[in-house]
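1. could you look at this predicted model? Sequence included:
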Amino acid sequence: MESMSDKNWSPLDKIDQKIIEILNKNARTPSKEIASQLRNAGLDVSDRTIRKRIERLEKNGIIKGYKAVLTDITGSDEFEAIFLKFKVTKSMGDIIESMKDYVTTLPNYLLVATLEGEWNMIIVMKIEDYQKNPGSKIVEKFSEQILDYRISKIQMKDINLLNMSLMLLA
């Protein structure tokens, strides 16, 4: 995720955090309803204040857009974590960028991040019924650049979406 410049960023106060939490649950929540929920929580805000704050959050890149999230009809809570160690080369940066570019085109990727230490990268993918080992496809495609890899199955049931979205702002 691209970082925001320091002049545009300010710490999120309680009202901003509540707005983001409500929009994370339903991005179509009207500002009037958000204001009502915040007033019920003891925060004195108007409908107009909510609209202005949402505009500011969008302008500052904290809210980057809205998207449809489809219900998971598979009911699967299985994921794969792929740990990758690349061969040492001068073009390591290019390899990492190529890998990120490729992984982000896959419909079931959740996370791709570089690591310090023994492993260079971690990728987390949702395991779909039609594709039992999504990590093996990535390993095959980049086999010439990969020195070592580990694929581990993980289960995630309770994900705090608000904290995840705030983590991406760091």
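-> Cool, the structure landed.

2. tell me where this protein has strands.
-> 78-86, 109-114, 121-126, 146-155 (DSSP state E).

3. in this structure, where is pLDDT below threshold?
-> Applying pLDDT under 70 to the chain flags the ranges 1-11, 68-77, 129-132, 158-162, 164-170.

4. now do the domain split for it, please.
-> Taking automatic domain parsing as the reference, the chain has its domains at 1-69, 78-161.

5. how about JSON lines for the ones you listed, with mean neighbour count added?
-> C-betas here are computed from N, CA, C, even on glycine. Conversion of the domains of the chain to JSON lines gives the following (neighbours: other CB atoms under 10 Å):
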{"stretch": "domain 1-69", "mean neighbour count": "14"}
{"stretch": "domain 78-161", "mean neighbour count": "14"}
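
6. show me how far stretch 80-93 is from its chain's centre.
-> Computed by CA atoms, centre = their mean, to the nearest Å, the chain-centroid distance of stretch 80-93 equals 21 Å.

7. show residues contacting that stretch.
-> Contacting residues not belonging to stretch 80-93 are listed as 95-96, 99, 115, 118-125, 127, 133-135, 138-139, 142, 145-154 [CB atoms under 8 Å, 6 or more residues apart in numbering].

8. endpoints of it, how far apart?
-> 24 Å (CA to CA, to the nearest Å).

9. residue 103: what's it in contact with?
-> The contact partners of residue 103, taken as CB under 8 Å, 6+ apart, are 109, 112, 123, 138.
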